[in-house]
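Asker: Sharing a model that was predicted from the sequence below.
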Amino acid sequence: METIEGKLLDIVYKNEENGFLVGKFLVDEKELTITGCMPTVNPLEDFSLEGEYIKHDVYGFQFKVNSFIPIIPSTKDAIIAYLSSGLIKGIKEKTAKKIVDYFKEDTLNIIEKEPHRLEEISGIGKKTIDRIKTSYSEGKALRNLIINLAPYSITPNYCMKIYKKYKDKSLEIVMQNPYRLSSQIHGIGFKIADKIGMSMGIDKYSKDRIKEGIIFELYRATGNGHTYLDIEDLVKKSSKLLEVEFEHVQNEIVNLALDSKIQVEKWDDGRRIYLLNYYESENDVCKRLISLSKSEIKTTKLDIEDELFEIQKEEKISLAKNQELAVLESFKNNILIITGGPGTGKTTTINTIIKLFKRADNKILLCAPTGRAAKRMSETTKMEAKTIHRALEMGFSLEDELVFLKNEEDKLDYDVIIVDEMSMVDINLMSSFLQAIKHGTKLIFVGDSDQLPSVGAGNVLKDMIDSKVLKVIRLDEIFRQAKESMIVVNAHKINKGQNPILNKKDKDFYFIKKNKEEDILKEISELVSKRLPKFYNVDPIKDIQILAPMRKGNIGVNNINKMLQDVLNEESKYKIEESFLKRKFRVGDKVMQIKNNYTKEWKNKEETLKGEGVFNGDIGYIYHIEKQEKKVYIIFDDEKIVEYEYSQMDEVEHSFCTTIHKSQGSEFKIILIPITWAPPMLLMRNLLYTAITRAKELVILVGEYKYLDMMIKNNRIIKRNSSLKEKLQKFLNEDIIVDF
């Protein structure tokens with residue numbers, strides 16, 4: 001290894017994802033090409049480089065950098081160049097000159113040790129000083145972290161995430177227990193954490209390593225919707241991941257259970273292994289549902305049947321038999337589930353229930369699991385509807401963990417709570433919600449049990465219905481007006497395993513036959529960019545949504561997004577763009593938040609409205625990219641502007657096309673679905689059914705009939721490990737008392 005010192009003159013090429021660059025370096029007044037992982041560096045900075053000279057077949061002699069140490073600039077010109085390079089937020093060239101003119105060669109020492117003295121300079125306020133102080137400190141610590149983790153293939157983006165999580169203790173924590181990264185840092189899996197651990201000399205059979213592998217597999221299972229894994233399955237998966245024999249895994253499962261890190265539950269079919277919080281959530285939901293359903297039912301002085309007759313007369317509606325039954329049962333039960341497909345009158349039923357409870361002077365709360373679903377509920381009921389998170393008054397503990405201010409100590413003060421889109425509610429959210437329900441509150445759950453289950457773990461709505469423990473009313477009559485829509489008719493046909501009616505003149509459901517992948521892509525491109533906007537007078541980006549079963553492949557979400565970006569928001573010198581994680585984002589792109597971020601702040605353009613929280617599945621548009629500040633601004637719901645640092649852009653993906661799973665709870669004017677080959681687990685009936693029911697005005701399928709036929713015939717539903725149904729049945733006749 002050799003060590004050289006000099007100045008980085010220019011960056012010829014830089015990969016923002018992994019920090020690799022090709023640069024021009026000045027050493028001993030000679031220009032040299034350098035290559036290597038050097039993130040967070042800028043031109044005109046001085047460095048000490050350690051590496052080796054190599055001869056490239058094409059580019060000749062180069063210096064391959066293995067490690068680098070920044071040399072603090074000492075001259076006034078060098079300090080100005082360093083401060084104004086963009087590395088330190090809050091300082092541009094004009095400000096840098098003012099600071100250096102005042103503090104001379106002592107500038108950097110002042111910024112690091114006495115930043116308050118910057119107030120001595122006219123025009124530099126406290127906010128700017130705080131930004132400079134934070135940015136300088138973070139830049140120094142982050143660079144040190146990146147340098148130390150680069151040999152383990154930890155990218156700069158992940159280093160930034162690690163730093164945001166652990167701050168100045170980042171390197172210490174990673175070196176003490178790198179396995180924490182796999183469960184605490186989004187995007188870093190066990191294999192990367194294990195690579196660090198093994199490189200540090202951690203033994204393959206280390207008990208801590210095996211425990212972390214087991215925990216990782218349980219977390220991975222919850223990501224696939226399971227609340228538990230059977231012990232045989234967990235042992236097999238963990239053994240494969242860790243490359244150790246079964247007996248080592250079995251021993252550490254016992255130790256984890258003794259340490260109360262996991263829960264082992266005995267059933268007739270064997271042992272079920274839970275992460276502790278999922279075990280507690282499942283049991284809590286079971287006990288509270290039974291206790292609430294058995295509690296005393298409040299009476300009303302209203303003659304419900306007479307009032308129902310009057311409402312129908314006033315609204316000029318005629319409820320079907322099961323709609324009327326649902327309304328009446330909402331007064332007779334503490335918990336009622338109303339389920340049914342599109343066109344069966346769920347909205348009319350809910351509105352009638354609301355009117356009746358209002359006449360009985362009841363205080364009503366409407367809520368839904370997502371912002372999009374809550375917005376739709378508000379529109380159809382003409383009442384405010386909140387997300388469940390907002391209703392529970394989401395907050396954060398001192399340890400920065402999500403908490404709800406409405407809980408067992410401070411419950412929701414309502415007589416009736418109606419929750420829509422229940423199929424999207426997972427077991428943990430359901431547990432938090434039920435903890436905030438006071439004795440005597442009526443709960444009405446509404447949803448379509450034939451749609452895809454929640455993204456989070458559990459199968460709450462289906463388990464509640466299948467248990468037959470709670471009162472369920474299924475709306476099964478399609479109304480005359482709905483029968484005019486082929487979307488509604490075909491959704492029900494598909495749900496029953498029947499072939500849909502296609503290409504009926506002047507209707508809203510069409511199939512365009514294309515056998516080749518390139519023809520399917522071309523057809524989708526022309527439909528979205530030209531034919532549909534012209535014929536239906538719709539916005540091609542906002543009103544049309546492509547839903548694909550899979551992510552990868554030519555007809556997958558990723559490739560379709562790339563194609564549609566080029567067609568609908570083509571590159572232009574007037575549009576700012578930037579690349580993240582091998583994807584190019586530009587102003588005007590349609591994007592989606594892909595993970596819940598409860599602390600993300602938003603505000604409207606006028607800054608008269610502010611709030612927190614951007615959620616998995618929220619769709620927005622890139623509003624502005626600020627390259628010098630390294631920030632992207634995205635606007636959601638036509639008014640909420642959210643600021644993302646470059647390092648946070650892995651929370652966002654393009655959404656000209658999305659997976660069907662991600663479309664849950666949304667509605668779009670026009671839906672396009674490519675129908676082509678996919679793995680059998682994605683060619684399923686309920687996937688197609690869910691996609692079709694997202695459309696309000698038009699559905700177009702493009703592809704091959706044989707794959708449409710496969711989807712309709714494939715009624716295989718991927719099993720989710722959940723014990724809620726069994727527990728509801730098991731504990732129904734036991735005296736369960738929950739303190740309300």
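Answerer: Structure received.
Asker: Distance of the spatially most central residue of the chain relative to Glu324?
Answerer: The centroid of the chain falls nearest to Lys595 when counting by C-alpha atoms, centre = their mean (1.8 Å). Distance of Lys595 to Glu324, given as C-beta to C-beta, to the nearest Å: 42 Å. Placement of C-beta: from N, CA and C, glycine included.
Asker: Run a quick neighbour tally on the closest residue to Arg551 other than its chain neighbours.
Answerer: For Arg551, ignoring the flanking residues on the chain, the nearest one in space by C-beta to C-beta, 6 or more residues apart in numbering is Val557 at 4.7 Å. Neighbours of Val557 under the rule other C-beta atoms under 10 Å: 25.
Asker: related to what we said a few turns ago, please report phi then psi for the residue nearest to the centre of the chain.
Answerer: phi -150, psi 150 (degrees, to the nearest 10).
Asker: What are the neighbouring residues in contact with it?
Answerer: Contacts for Lys595 were tallied using C-beta atoms under 8 Å, 6 or more residues apart in numbering; they are 186, 616, 651.
Asker: next one: Ile154
Answerer: Residues in contact with Ile154 (C-beta under 8 Å, 6+ apart) are 146, 162, 188, 192, 196.
Asker: Name only those of these that count as buried.
Answerer: Listed as buried from these are 146, 162, 188, 192, 196; burial here means 16 or more other C-beta atoms under 10 Å.
Asker: Looking at the last one now. What's its pLDDT?
Answerer: This means Ile196. Model confidence at Ile196, expressed as pLDDT, equals 84.
Asker: and if you look at the second one?
Answerer: The model reports Ile162 with a pLDDT of 86.
Asker: For stretch 568-578, list every residue counted as buried.
Answerer: 568-569, 576-578.
Asker: Check stretch 121-130 too.
Answerer: 124, 128-129.
Asker: show me where the stretch 451-600 of the chain has strands.
Answerer: Shown for the stretch 451-600 of the chain, the strands assigned by DSSP state E, counting those that start in this stretch span residues 471-475, 509-513, 544-548, 577-580, 583-586, 590-593, 597-603.
Asker: Export those to TSV and append columns for mean pLDDT and distance to His116.
Answerer: Compiled in TSV, the strands of the stretch 451-600 of the chain are given as follows (pLDDT from 0 to 100; distance: least, C-beta to C-beta, whole Å):
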stretch	mean pLDDT	distance to His116
strand 471-475	96	65
strand 509-513	97	67
strand 544-548	97	52
strand 577-580	87	34
strand 583-586	92	38
strand 590-593	96	38
strand 597-603	86	27
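Asker: and of those strands, who's closest to Gln263?
Answerer: Nearest to Gln263, of all these, is strand 597-603, at 26.0 Å by C-beta to C-beta.
Asker: neighbouring contacts of that closest one?
Answerer: With C-beta under 8 Å, 6+ apart as the test, strand 597-603 has contacts from 389, 394, 396, 400, 402, 609-615, 636, 640-643, 651.
Asker: Have a look at this structure and report the helix or strand with the lowest mean pLDDT.
Answerer: Sorting the helices and strands of the chain by mean pLDDT, DSSP states H and E puts helix 480-483 at the bottom, at a mean of 71.
Asker: before we move on, the earlier item: taking the contacts of Lys595 one by one, which sit in helices?
Answerer: Members of those lying in helices (criterion: DSSP state H): none.
Asker: how about the residues you listed in TSV, adding pLDDT?
Answerer: Output for the contacts of Lys595, formatted as TSV (pLDDT from 0 to 100):
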residue	pLDDT
His186	73
Asn616	81
Glu651	90
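Asker: Only the buried subset of these, as a ChimeraX command please.
Answerer: In ChimeraX, this line selects whichever of these come out buried by 16+ other C-beta under 10 Å:
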select :651
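Asker: Out of the contacts of Lys595, the closest to Arg694 would be?
Answerer: Proximity of these to Arg694 was ranked by C-beta to C-beta; the top entry is Asn616 with 16.2 Å.
Asker: So the closest one sits against Ile594, correct?
Answerer: Yes. Contact status for Asn616 versus Ile594: in contact at 6.1 Å, counting by C-beta atoms under 8 Å.
Asker: which neighbours do those two share?
Answerer: By C-beta under 8 Å, 6+ apart, the residues touching both Asn616 and Ile594 are Lys662.
Asker: hmm, back to that, which residues sit against the least confident helix or strand of the chain?
Answerer: With contact meaning C-beta under 8 Å, 6+ apart, helix 480-483 is reached by 342-344, 488-489.
Asker: In helices, which of these appear?
Answerer: Among the contacts of helix 480-483, the members found in helices (DSSP H) are 488-489.
Asker: any idea how far Val419 is from Leu336?
Answerer: Separation of Leu336 from Val419 (C-beta to C-beta) stands at 11 Å.
Asker: Need the residues touching each of the two.
Answerer: The contact sets of Leu336 and Val419 overlap at 443-445 (C-beta under 8 Å, 6+ apart).
Asker: Save those residues as CSV, and put in neighbour count too.
Answerer: Compiled in CSV, these are given as follows (neighbours: other C-beta atoms under 10 Å):
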residue, neighbour count
Leu443, 22
Ile444, 26
Phe445, 24
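Asker: which one of these is nearest Asn428?
Answerer: Phe445 (16.6 Å).
Asker: Secondary structure element holding the closest one?
Answerer: For Phe445, the enclosing helix or strand under DSSP states H and E is strand 442-447.
Asker: Over to Gly613?
Answerer: strand 610-614.
Asker: Kindly report the same for Ile173.
Answerer: Per DSSP H and E: helix 170-176 holds Ile173.
Asker: Centre of the chain to that helix, how far?
Answerer: Here helix 170-176 is found 27 Å from its chain centre; the criterion is C-alpha atoms, centre = their mean, to the nearest Å.
Asker: and the angle from the strand holding Phe445 to strand 471-475?
Answerer: Counting by axes from the mean of the first three to the mean of the last three C-alpha atoms, to 10 degrees, strand 442-447 lies at 40 degrees to strand 471-475.
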